[in-house]
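Novice: Structure for this input, please:
(one chain, ligands or ions: 1)
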Amino acid sequence: MNNKFFRSIVEWFKKVGISIANGFKAVVRFITHPRKTIRDAKAARAAMINDVFDPIEHNPENILEVNALKEYFPIKSGFFKRTVGYVKAVDGISFNIKKGTTMGLVGESGCGKTTVGRTILRLYPKSGGEVLFNGEDVNKLDKKSLRSVRPKMQIVFQDPYSSLSPRLPVGEIIGEAVREHNIVPLEQFDDYITKIMQSCGLQEYHKDRYPHEFSGGQRQRICIARALALNPEFIVCDEPVSALDVSIQAQIINLLRDLQKEYGLTYLFISHDLSVVEHISDAVGVMYLGSMVEYAPTSELFANPLHPYTEALFSAIPVPDPNYKMNRIILEGNIPSPANPPSGCKFHTRCRKCMEVCKSVVPKRIDMGNDHYVVCHLFDEEALKLNEEMKKDPSLAESADKKVNKNLKDAKLNSTENPFM
Ligand code: SF4
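Specialist: From the prediction side, this is the model:
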C-alpha cells in the first residue's frame, strides 16, 4: 500500500517536473528568439487547422454563403495548458441558403449542427473558412458594423425554459433589444411590441407576466417574438420544437411558416426530427461528425437518399400505418470522437457498405444532378476502380490516399470548394 502510494507521488512529481522543464524551455526560447517562437506557434496552429480554401464570389440570390467553415475547439493539456489538439466540431462544411427559403440541417446529436448555427452568427469565433451574409464576411466586420448586422441575424434556442430571463416580464424580454438597436421610435414602441406579440399568437396582457407563468409552447412563442422584434432577415432555429410535445410542435412549425410568408424570412432549421424537417425545409443538409455528407432539395432527398448514413437516418422515420413493416437500418457502434476522427471516410467505422478504399481515402463530393450532392465512394467511379486495385494489392492503401487526394486537388473538387453556388 505504502509502496503504491509512494510510486504515485513519484509519478506525479515526474509529470509536474517535466511540465515545468518544458515550460521553462518555452520561456527561454521566447526570450531568446521571440519572433521565431511566435511564428512557429502560429505555423503549428495553422498546420493543425489547415485553413485553406478558395474564396467564393457572392451570388445576390443567396442571403447566406458558408464556405469551408471550420470550428475547432482546442484541447489543453499540461501544467501550462498548451494546445495539444482540437475537437473538430465543424470540419470544412459549405452550403448556401437562398433568400426567403428554409434549409434543414439534420444529423445525430453531437454531429456539430448547433455549432454550425452558432459559428454562422459569430457567437463562436470561427477557426477557418468564411461566412458571407448578404455578401459581407461576418468574421471580418468591425465592432460597429457587427452591431448593425446583429439584428438581421437572429436565433431561436432549443430550450424555451433556460433561454428566457426569469427576472424580466415578457414585454421587457421582447422589447429590450428593440430599444437597444432603435428599431422603432420610442413613441411607437408599445404598439410595435403588441403587434409582434400578436403575430406570434400572444396577447397584449401577457406583456406584464413572467416566463414561469407560461407553458412550453407559449415560451417558445416569446422566444420567436424576441427574435422577430428585431426585424431580422435570417433566423437560426436551433431545434425550436424538440422540447415541446407533438401538438404544440405543429403550432410552432405553422407559426414559423406563416411568419416566413409574412416577413420574407430565411431560416436555417436545425433538427434531428426528420418529419419536421421535411415539412418545413426547401433543402436539407445531412451532417456526420462535423462534415456534410449529403445535400439536396427536400423532395429529392426524401425520395432518393443516397448516402448510407442518410439511408440509416431515414429508415428510422416512423410510419403511421400499423401494417407497414419497418425496415430499420441499425448503425453499429458509437459516434467516433471528433477529436480523433477515423481516417478515410469518417463514417467507415459504422457503414454497412464500407469498402477497402473507404478506410484510407477521403471521399470527394459527387454531383448527382438535380442539385443533389453526396460524399461517398459508392458514387465515385475513380474510387471504385481504386477499391478493386486495393483488393488485389493491399499495400496500395497508403499510397492511394495521397494519389486520390492529389487528383481531387487538381480537379478542384476538394472539400474546400463550394458546389452549391
Ligand atoms: Fe460507407 Fe464508404 Fe460511402 Fe463512407 S465512403 S459512406 S464508408 S460506402
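
Novice: from here on, contacts and neighbour counts on C-alpha atoms
Specialist: OK.

Novice: Where does the stretch 201-350 of the chain get nearest to the ligand, which residue?
Specialist: Per Cα to the nearest ligand atom, His348 is where the stretch 201-350 of the chain lies closest to the ligand, at 3.6 Å.

Novice: Next, Gln158: secondary structure please.
Specialist: Under the three-state scheme (DSSP: H, G, I helix; E, B strand; the rest coil), Gln158 adopts coil.

Novice: All further residue positions should be reported with the first residue as 3.
Specialist: In the new count, where the first residue is 3, that last one comes out as Gln160.

Novice: and the gap between it and the ligand?
Specialist: Noted for Gln160: a distance of 29 Å to the ligand, by Cα to the nearest ligand atom, to the nearest Å.

Novice: Wait, that residue touches Ser244, no?
Specialist: Yes. With contact defined as Cα atoms under 8 Å, Gln160 and Ser244 form a contacting pair (6.9 Å).

Novice: Compare neighbour counts for these two and give me the winner.
Specialist: Gln160 (21 against 15; other Cα atoms under 10 Å).

Novice: I'd like to know how far the more buried one sits from Ala227.
Specialist: 15 Å (Cα to Cα, to the nearest Å).

Novice: With Ala45 instead?
Specialist: On the measure of Cα to Cα, Ala45 and Ala227 end up 45 Å apart.

Novice: In terms of neighbours, single out the busier of the two.
Specialist: When neighbours are counted by other Cα under 10 Å, Ala45 and Ala227 differ, and Ala227 comes out ahead with 25 against 13.

Novice: Mind giving me the packing neighbours of the helix or strand hosting that one?
Specialist: Assigned by DSSP states H and E, Ala227 belongs to helix 218-230. Applying 3 or more Cα pairs under 8 Å, 6 or more residues apart in numbering; DSSP states H and E, one finds that helix 218-230 contacts strand 155-158, helix 172-182, helix 191-201, helix 248-265.

Novice: continuing past that helix, what's the next helix or strand?
Specialist: Assigned by DSSP H and E, the successor of helix 218-230 is strand 236-240.

Novice: can you list the residues of this protein near the ligand?
Specialist: Residues of the chain found near the ligand (Cα under 6 Å from any ligand atom) are 309-310, 347, 349-350, 353, 355-357, 360, 365, 378-380.

Novice: Quick check on these: which are buried?
Specialist: 309-310, 347, 349-350, 353, 356-357, 360, 365, 378-380 (16 or more other Cα atoms under 10 Å).

Novice: Give me the helix or strand of this protein that scores worst on average pLDDT.
Specialist: Ranked by mean pLDDT, DSSP states H and E, the helix or strand of the chain with the weakest confidence is helix 398-412, at a mean of 56.

Novice: for the residue nearest the centre of the chain, helix, strand, or coil?
Specialist: The centroid of the chain falls nearest to Val118 when counting by Cα atoms, centre = their mean (2.4 Å). Put simply, Val118 is helix when judged by three-state DSSP.

Novice: Could you pull up the residues touching it?
Specialist: Residues near Val118 by Cα atoms under 8 Å, 6 or more residues apart in numbering: Glu73, Val92.

Novice: distance of it from the ligand?
Specialist: From Val118 over to the ligand the distance is 22 Å, taken as Cα to the nearest ligand atom.

Novice: quick one: the helices in the chain?
Specialist: Per DSSP state H, the chain carries helices over the ranges 4-34, 36-51, 115-122, 145-151, 172-182, 191-201, 218-230, 248-265, 276-282, 300-305, 310-316, 383-394, 398-412.

Novice: now, of those, which is deepest in the fold?
Specialist: helix 218-230 (a mean of 24; mean count of other Cα atoms under 10 Å).

Novice: returning to what we had before: for the residue nearest to the centre of the chain, give its distance to Asp395.
Specialist: Distance from Val118 to Asp395, by Cα to Cα: 40 Å.

Novice: Now do the same contact list for the residue lying closest to Pro242 once chain neighbours are set aside.
Specialist: What sits nearest to Pro242 in space, not counting adjacent residues and going by Cα to Cα, 6 or more residues apart in numbering, is Gln160, at 4.7 Å. Counting by Cα under 8 Å, 6+ apart, Gln160 touches Cys239, Asp240, Glu241, Pro242, Val243, Ser244, Ala245.

Novice: Quickly note the distance from Gln160 to Ile226.
Specialist: 11 Å.

Novice: same thing with Ser21?
Specialist: Distance check for Ser21 against Ile226: by Cα to Cα, it reads 50 Å.

Novice: same deal with Leu170?
Specialist: For Leu170 relative to Ile226 (Cα to Cα), the value is 16 Å.

Novice: repeat for Ala23
Specialist: Distance of Ala23 to Ile226, given as Cα to Cα: 54 Å.

Novice: And the residue of the stretch 3-152 of the chain closest to the ligand?
Specialist: For the stretch 3-152 of the chain, Cα to the nearest ligand atom, closest residue to the ligand: Gly109, 14.1 Å.

Novice: so who does that residue touch?
Specialist: Gly109 touches Lys115, Ser273, His274, Val288, Met289, Tyr290, Leu315, counting by Cα under 8 Å, 6+ apart.

Novice: which residues does the first one contact?
Specialist: When you say that, I think you mean Lys115. Leu107, Val108, Gly109, Ile272, Met289, Gly292.

Novice: What about those residues, which are in strands?
Specialist: Members of these lying in strands (criterion: DSSP state E): Leu107, Val108, Ile272, Met289.
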